[in-house]
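**Q** Okay, sequence plus prediction incoming.
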Amino acid sequence: MDIALSYFVIKCFMKKSIKTFLKTAAKDYLSRSVNPPVVRASTILFKTMQELRKHQKDIAKGKDVEHWDYGRQGTQTTVQLQKLLRGLEEAYQVFLTPTGFSAVALAIMSICRPGDEIVISDGVYRPTQKLTDDLLKEFNVKAVWYNPNKFEDLKNKITKKTKLIYVENPGSNTFEMQDLGKVVSLAKSKNILTAIDNTWATAYFFKPLKLGFDIAITSATKYYSGHSDVMGGTVAVNKKAYKKVWWYNHVSGYRLSPDDAYLIIRGLRTLDVRMDKHQASTKKVINFLKTQKKVSKILYPYKTSSKEFKLWKKYYSGASGLVSLIIKSNNKNSVYKFVNTLELFGIGYSWGGFESLAVYTDPVELGNRRYFKLEKNEHLVRLHIGLEEPKDLISDLRSSLKFVK
Ligand SMILES: Cc1ncc(COP(=O)(O)O)c(C=O)c1O
């Protein structure tokens, strides 16, 4: 089947609710299993040379094949995951990568070439900053940073050399929200491609390609897999971006293992249930935190009068479980103690799993931010609200906040 035709078939199937789609797709009808097989393969066998060559020609023509000619391109397991994600993201195609960060790299490296400029929102994930500032410089690609709180600033930073506008929404750790519709319209009027890191919301709460973004990146390590036991990334593209990303993916050799693809499929079955629960529990935890004097600010789109809430409401159907707190204190060790004494929040990186986490975020982790500053007595603690009972999480937070001096 041609890739455009199979895209059409998936779109027809999508008339059902996404919740149903996540349960009914990716079956193995041949062995009558409700889940796809894990096909581990480097070599893929053909009956004759003629069959092998015909298959390669079909792939070159862009046909949507059920298997590839070599394991690096994927196996039935990764093909099934791609189909599931194409439905979820409403994407022309979805590329799979071994980590979320390699998905960021695949998207950016597919588009930028020597002499180009990438206009990028200040507040992206720290390694994305390093990739664009440090690595792209080596290839004569200039990273131009804009203030995510000022659309005019983005407008002013566009030049004839701009090839890509790169957004992470909301901003990493600091959760500033942008007017995404305006970003897309601006880019379209100047014929510039757009990419967004959508890991925080996932395509369950916001579908960037539907709004007009060309590329949507998600770290599947987080909510897509949801169980903190696998790493992976996804790059969803529309027809316009497809060829460029396909080519770079082809020559760079990124590959997600079939075992990891299987775990991500398993996680996606319950994405809706988990995301709804993360959202509901986070709301309860925030309702508690906003009554706490020691918490001076909550970075999350919850305050109905705020710009963040209005922009979130305009584009998103829900919010996830990642939130930051600003705690004012002249005693950093007491804020460390708040984090250290939490019993139900593990101290560690990543998020999007079933469990709650807390991490004190240093300016180093925030990166070289041009438009966000913490005062000397302000401390940022990032929480991931997991699937535990919110009442227990609130009581844990209440006990540990007592240590903040
Ligand atoms: C917003 C965002 N994008 C991308 C990544 C990278 O994902 P991974 O850890 O799977 O490489 C992360 C990781 O924390 C992230 O927070």
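**A** Yes, it's here. Values in this document were obtained by computation on a predicted structure and should not be read as measured data. Numbering: from 1, shown residues only.
**Q** and the end-to-end length of stretch 154-169?
**A** By Cα to Cα, to the nearest Å, the extent of stretch 154-169 from end to end equals 14 Å.
**Q** Can you classify Lys314 by secondary structure?
**A** helix (DSSP: H, G, I helix; E, B strand; the rest coil).
**Q** got the contact list for Asp259?
**A** By Cβ atoms under 8 Å, 6 or more residues apart in numbering, Asp259 lies in contact with Val38, Arg40. The way it works is simple: take the backbone N, C-alpha and C, and place the C-beta from them, glycine included.
**Q** Pretty sure it sits in a strand.
**A** No. Going by three-state DSSP, the assignment for Asp259 is helix, not a strand.
**Q** I'd like the numbering to begin with 58 instead of 1 from here.
**A** Let's use 58 as the start, then, which means that last one is Asp316.
**Q** what about it, distance to Arg323?
**A** Asp316 is 11 Å from Arg323, where distance means Cβ to Cβ, to the nearest Å.
**Q** swap in Asp286?
**A** Applying Cβ to Cβ to Asp286 and Arg323 gives a distance of 10 Å.
**Q** the more surrounded of those two?
**A** With neighbours defined as other Cβ atoms under 10 Å, Asp286 and Arg323 compare such that Arg323 has more, 15 against 12.
**Q** and the gap between that one and Asp329?
**A** Distance, Arg323 to Asp329, by Cβ to Cβ: 14 Å.
**Q** before we move on, what about Tyr149?
**A** In this view, Tyr149 and Asp329 are 23 Å apart by Cβ to Cβ.
**Q** same question, Gly290
**A** Shown here: Gly290 relative to Asp329, a distance of 21 Å by Cβ to Cβ.
**Q** So between these two, which is more surrounded?
**A** Per other Cβ under 10 Å, whichever of Gly290 and Asp329 has more neighbours is Gly290, with 28 against 21.
**Q** can you count the residues close to the residue in the chain that the ligand sits nearest to?
**A** Nearest to the ligand in the chain, going by Cβ to the nearest ligand atom, is Gly157, at a distance of 2.3 Å. Counted with other Cβ under 10 Å, the neighbours of Gly157 add up to 25.
**Q** need the contact list for the residue lying closest to it once chain neighbours are set aside.
**A** Among residues not flanking Gly157 along the chain, Ser276 sits closest, at 2.3 Å (Cβ to Cβ, 6 or more residues apart in numbering). By Cβ under 8 Å, 6+ apart, Ser276 lies in contact with Thr156, Gly157, Phe158, Ala160, Asp254, Thr256, Gly289, Gly290, Gly409.
**Q** so the last one touches Thr278, yeah?
**A** The reference is to Gly409. Yes. Counting by Cβ atoms under 8 Å, Gly409 does reach Thr278; the two are 7.0 Å apart.
**Q** All good on my end, thank you.
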